[in-house]
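*Asks:* compute the structure for the input listed below.
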Amino acid sequence: MKILSLSDVVLDTVYSTVIKNRFGDVDIVIGCGDMPYYYLEFVVDMLNKPTYFVRGNHANVVEYSQLGERTHPHGAIDLHRKVVNGRGLIIAGIEGGLRYRPGPFMYTQGEMWTHVLGLAPKLMNNFLRNGRFLDIFVTHSPAWGLQDRDDLPHQGIKAFRWLIQVFKPKIHLHGHIHLYRQDEQYKMNFGNTLIVNTYGVRKTILIPDSSLGWRIEQV
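*Replies:* Just a heads-up that it's a prediction; the model follows:
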C-alpha cells in the first residue's frame with residue numbers, strides 16, 4: 001500500500017503532468033492541509049486515486065478561481081472528525097490549528113479535545129471489529145511536544161498526543177511545520193507510532209501484517 005501525503009506548499013513536481021510519472025503508483029492520497037483546493041483537485045484528476053484531506057489553519061471557507069467557487073476540493077473526502085476505511089486502512093482526521101487569531105479553522109486546546117473525544121467511540125468500535133483502533137491519524141497540526149514549535153501558532157495539540165498514546169495509530173501524518181533545510185528531521189517515533197511531517201510531499205509504503213495489521217516498509 002503506497003500513500004502519497006501532501007501539505008502546505010504547491011510543488012511543481014506535483015502540480016504538473018510529471019505527477020503521473022512520479023506518483024502514479026500510489027494507492028491513496030492524503031492532504032494534510034494549507035493547500036489550495038484546486039491543487040488537491042488536480043491530484044485527484046491526474047491520479048484518479050481515493051483522496052482524503054483535512055483543512056489547515058489558513059484554509060478559506062470559500063476559494064475563488066477562474067473555474068468558480070469551491071468550499072472543498074471536489075473528488076476528495078473530508079476527514080474532519082470522521083473515521084473511514086480506505087483500501088483496508090482505518091483513517092481518522094482532525095482539521096485546523098491552534099487559535100492565535102480569529103479564523104474558521106482555528107481552535108483552542110479545549111475545542112481540539114472535543115474533536116478528539118468525538119472520535120473515541122468510533123475508534124473503540126474499530127478495535128472490537130478489527131482488533132486495532134486506528135492505522136493512520138491525519139491532522140494539520142502536530143501533536144504537543146512531537147515535531148511542534150514553541151511559538152503559539154505552531155504549538156502542538158495536547159489532545160492529539162493523548163490520542164496517539166491511547167489508540168496507537170501506525171502513522172500520524174501532519175503538516176503545518178515548514179521545513180526549509182534538507183537536514184531537518186521530518187519523521188520520529190513515539191511509542192508504536194511513526195510521526196511524519198508531510199510538508200511538501202511524502203510517500204509512505206505499508207505492508208499487510210497478520211499480527212500488526214500493517215507495518216511500515218518505507219517513508
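*Asks:* can you pull up the bridge partners for the closest residue to Ala76 other than its chain neighbours?
*Replies:* Once flanking residues are discounted, Ala76 sits nearest to Thr51: 4.2 Å by Cβ to Cβ, 6 or more residues apart in numbering. Backbone N, C-alpha and C define where each C-beta goes, glycine included. Residues in a beta bridge with Thr51, per DSSP bridges, are Val29.
*Asks:* OK, contacts around Thr51?
*Replies:* Applying Cβ atoms under 8 Å, 6 or more residues apart in numbering, we find Thr51 in contact with 28-31, 40, 43-44, 73, 75-77.
*Asks:* let's go with 7 Å and repeat that
*Replies:* Listed by Cβ atoms under 7 Å, 6 or more residues apart in numbering, the contact partners of Thr51 are 29, 40, 43-44, 75-77.
*Asks:* got JSON lines for those residues, with neighbour count too?
*Replies:* Below are the contacts of Thr51 laid out as JSON lines (neighbours: other Cβ atoms under 10 Å):
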{"residue": "Val29", "neighbour count": "22"}
{"residue": "Leu40", "neighbour count": "25"}
{"residue": "Val43", "neighbour count": "26"}
{"residue": "Val44", "neighbour count": "19"}
{"residue": "Gly75", "neighbour count": "13"}
{"residue": "Ala76", "neighbour count": "19"}
{"residue": "Ile77", "neighbour count": "15"}
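*Asks:* out of the residues you listed, which one sits closest to Met188?
*Replies:* Val29 (23.1 Å; Cβ to Cβ).
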